[in-house]
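Peer 1: Provided below for reference: sequence and predicted model.
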Amino acid sequence: MSQTAPTGSSSGRARVSGYAVVFDSLSEDLGGYRERVMPGAFQDTLKRRPDVRFLTNHQGLPLARVSNGTLALAEDTHGLRFIAELADTQEGRDLLTLIRAGDVSQMSFAFRLDGGDEWSNTAAGLVSTINRVSDLYEISAVGIPAYGETEVSAA
């Protein structure tokens, strides 16, 4: 990772890590089409160092974020890797318990495209191949992911 770990204070914060995106894997059916994110899709966005938040199921208050140094993101050959130091709140402790138990083990992400995608008909049906993500807003630990190969675990 370009940032090997969050830079914020780790006092009272549990660490989780994993992949919010796994490259070249197909999503579940998203309403008549599937997505595939390709290597390099986040390079330009991450250079701008967006203030990405770490949420649960795309909702609620942030449990970590880039701007305060408690969330680090980097693209490697496998996908979009993250390390997060969760806020020591009831929601953060509950999420950590669910991750440790294996009840929550996957991730999702919220993003915007401004071009950077290609559509094709494949054996898997209609597929949007994402080559460039314009904006990355948040990553989320989720109970039901669009991409089954994502992962989160307690560090």
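Peer 2: Sure, I can see it.

Peer 1: how about stretch 36-43: buried residues?
Peer 2: Neighbour-count burial for stretch 36-43, counted by 16 or more other Cβ atoms under 10 Å, picks out 36-37, 41-42. The way it works is simple: take the backbone N, C-alpha and C, and place the C-beta from them, glycine included.

Peer 1: please apply the same query to stretch 148-155.
Peer 2: Using 16+ other Cβ under 10 Å as the burial criterion, the residues of stretch 148-155 that qualify are 149-152, 154.

Peer 1: okay if I get the residues you listed as CSV plus secondary structure and pLDDT?
Peer 2: Putting these into CSV (DSSP: H, G, I helix; E, B strand; the rest coil; pLDDT from 0 to 100) gives the following:
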residue, secondary structure, pLDDT
Glu149, coil, 97
Thr150, coil, 98
Glu151, strand, 98
Val152, strand, 98
Ala154, strand, 96
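
Peer 1: make TSV from those residues and add distance to Ile139 to it.
Peer 2: As requested, those are arranged in TSV below (distance: Cβ to Cβ, whole Å):
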residue	distance to Ile139
Glu149	15
Thr150	9
Glu151	12
Val152	9
Ala154	16
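
Peer 1: please enumerate the helices of this protein.
Peer 2: Per DSSP state H, the chain carries helices over the ranges 43-47, 90-101.

Peer 1: who wins for proximity to Leu136 among those?
Peer 2: Comparing the helices of the chain by their distance to Leu136 (Cβ to Cβ), the top pick is helix 43-47, with 5.2 Å.
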